[in-house]
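# next one to model:
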Amino acid sequence: MAHNDAAPRFYLQVELQGNMAEVSIEADRLENGKVSDLKNFDDDGRIKRKGTIWTASAHIITAVIGSGVLSLAWATAQLGWIAGPAAMLAFSFVTYYTSCLLSDCYRSPDPVTGKRNYTYIDAVRANLDGFQVWICGFSQYANLFGTAVGYTIAASISMTAIQRSNCFSSNGHDDPCHVSSNPYMIAFGVAEILLSQIPDFDQISWLSIVAAVMSFTYSTIGLGLGIAKVVEVGHFRGSFTGAAIGTVTKSEKIWNTFQALGNIAFAYSYSLILIEIQDTIKSPPAENKTMKKATLVGVATTTVFYMLCGCMGYAAFGDNAPGNLLTGFGFYNPFWLIDIANAAIVIHLVGAYQVYCQPLFAFIEGWAGKKWEDSDFIKKEYALAIPFYGRFNVNLFRLVWRTGFVVTTTLISMLLPFFNNVVGLLGALAFWPLTVYFPVTISSCQWIHSGCC
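A predicted model of the protein is given here:
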């Protein structure tokens, strides 16, 4: 049933972000249709945000703890017992510090009472010039797109690992158990098409919580298997300097060292969606205060898991640590436990895909809404009655655009299964501008109230 175009609208004079403005509000969006019930709206006229420190922490953990945590044992093996843990601690501190700076830029020029910046690029635009805004937008959205492709590939790898593990268990270890990843990529894409119809970032908190639990699940399994391997061997493997020259060439040592640092940097990168996460948080207290607490919880939690998984994986396998910690234990024993870990990775990536893509969805839909303000295809919402759920609003542009996006990322994943290597490079290159340069620069600009550096 289509939404009634003739539904009454109320025009209210309210204070929006420090300025008096007229806001148009549909009657059916007000609780019980009461115009006076303004407590349901924030200072920018939008429906009151409901996010808390815990939902924000869940978003952060879902974004940060990806399946890349399983590669940290390999990264530690390239750096050794001294540089490996030191690099993880250093990147965690940089990420926490710059994230706190960036959280103060959600509102400009004042971090508590200033105008809201709904996206990362809005925060940059409020403080810097056009070229730097372009660089930020390109870095952020290219990274989000690449991450979506990478997550599709990673999910299919875990799903094929489950099938191969079960094949070996049923047919014996001599069976080659060849498995195509394409059907699993398509299945993952179908799931993401359905979930991508969730309209806004603040409506996927439940998905982030489930994904965060799954990330703890497979990280804990990897950690437990690493500890069991150390107990079996009877001592810690590894060295102070990592893989020694002789077992690898000098050029390989240099390349692997930089690749390991890139993997660690990419594993901590979530600044590109920090502002979007902060835009889901309710106030009071001030959003930046809540976000800083959530950042501390998220970064501290991920650092503990990174240190444990990276160090115990290195202790278990030494300089021969695999690129994926779970594959180091083979597909055989205990195959059922590794199956659970791989299933948890898949469920986590389903949620992480949405956490990373919702900002990109919102950017394109906001741009289209401004360009074609009177288009029913862009603006109109249709109410559908879904059994056991209730009313769900469907927008034709959202349906077509988001479905096309997921189909595109799925096709690229099927055509370029090596794209994960490109994603790692992309993430490492984006760490400096998105996690370090822009947070420090716009925070400095905001602090001196110049508006432009």
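# so what does the host helix or strand of R391 touch, helix or strand wise?
Element membership for R391, per DSSP states H and E: strand 390-395. Under the contact definition 3 or more CB pairs under 8 Å, 6 or more residues apart in numbering; DSSP states H and E, strand 390-395 sits against strand 381-386. From N, CA and C alone the C-beta is placed, and that goes for glycine too.
# who touches the residue nearest the centre of the chain in this structure?
Central residue of the chain (CA atoms, centre = their mean): A63, 2.9 Å from the mean position. Counting by CB atoms under 8 Å, 6 or more residues apart in numbering, A63 touches 270, 273, 277, 352, 355-356.
# what are the buried residues along the strand holding R391?
N395 (16 or more other CB atoms under 10 Å).
# downstream of it, the next helix or strand is which one?
Following strand 390-395 in sequence, per DSSP H and E, is helix 396-415.
# by how many degrees do that next one and strand 390-395 diverge?
80 degrees (axes from the mean of the first three to the mean of the last three CA atoms, to 10 degrees).
# by contact count, what packs against helix 396-415?
When contacts are defined as 3+ CB pairs under 8 Å, 6+ apart, helix 396-415 packs onto helix 130-171, helix 182-195, helix 335-371, helix 376-379.
# and that helix, average pLDDT?
Helix 396-415 shows an average pLDDT of 91 in the prediction.
# Three-state assignment for the residue nearest to the centre of the chain, please.
Recorded secondary structure, A63: helix (DSSP: H, G, I helix; E, B strand; the rest coil).
# quick one, what contacts I386?
Taking CB under 8 Å, 6+ apart as the contact definition, I386 lies against F392.
# is it bridged to anything, and to what?
G390 (DSSP bridges).
# please report the distance of it from D200.
17 Å (CB to CB, to the nearest Å).
# picking up where we left off before, and of the contacts of A63, the nearest to P111?
Nearest to P111 among these is I277, at 16.0 Å by CB to CB.
# if we ignore the residues flanking it in sequence, what's nearest S443?
L101 (4.0 Å; CB to CB, 6 or more residues apart in numbering).
# look up which helix or strand that neighbour falls in, please.
If you go by DSSP H and E, L101 is part of helix 72-103.
# report the buried residues of that helix.
72-81, 83-85, 87-88, 91-92, 95-96, 98-103.
# that helix packs against which elements?
Against helix 72-103 (3+ CB pairs under 8 Å, 6+ apart) you get helix 250-268, helix 274-278, helix 287-317, helix 438-447.
# wait, what's in contact with W401?
Contacts of W401 by CB under 8 Å, 6+ apart are 361, 364-365, 368.
# what would those look like in JSON lines with distance to S196 and pLDDT?
Putting the contacts of W401 into JSON lines (distance: CB to CB, whole Å; pLDDT from 0 to 100) gives the following:
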{"residue": "F361", "distance to S196": "7", "pLDDT": "88"}
{"residue": "I364", "distance to S196": "12", "pLDDT": "87"}
{"residue": "E365", "distance to S196": "12", "pLDDT": "86"}
{"residue": "A368", "distance to S196": "16", "pLDDT": "87"}
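# my guess is T152 meets T408, correct?
No - in this structure T152 lies outside contact range of T408 using CB atoms under 8 Å: 10.5 Å.
# what residues are up against the residue nearest to S443?
L101 touches 439-440, 443, counting by CB under 8 Å, 6+ apart.
# before we move on, back to that, so the strand holding R391 versus strand 381-386, what angle?
Between the axes of strand 390-395 and strand 381-386, defined by the same axes, to 10 degrees, the angle is 150 degrees.
# quick check on F236: phi, psi?
F236 adopts backbone torsions of phi -80, psi 130, taken as degrees, to the nearest 10.
# for the stretch 151-300 of the chain, which spans come out with low pLDDT?
172-175 (pLDDT under 70).
# and A212, what element?
Assigned by DSSP H and E, A212 falls in helix 205-233.
# what are the buried residues along that helix?
Buried, per 16+ other CB under 10 Å, within helix 205-233: 205, 207-219, 221-223, 225-226, 229-230.
# what's the angle from that helix to helix 182-195?
140 degrees.
# give me the number of residues near the closest residue to A161 other than its chain neighbours?
Nearest-residue entry for A161: N342, 5.0 Å, with adjacent residues in sequence omitted and distances by CB to CB, 6+ apart. By other CB atoms under 10 Å, 24 other residues sit near N342.
# N342 and N288, how far apart?
38 Å.
# same check, this time on W81
For W81 relative to N288 (CB to CB), the value is 38 Å.
# if anything else comes up later, I'll come back, but that's it for now.
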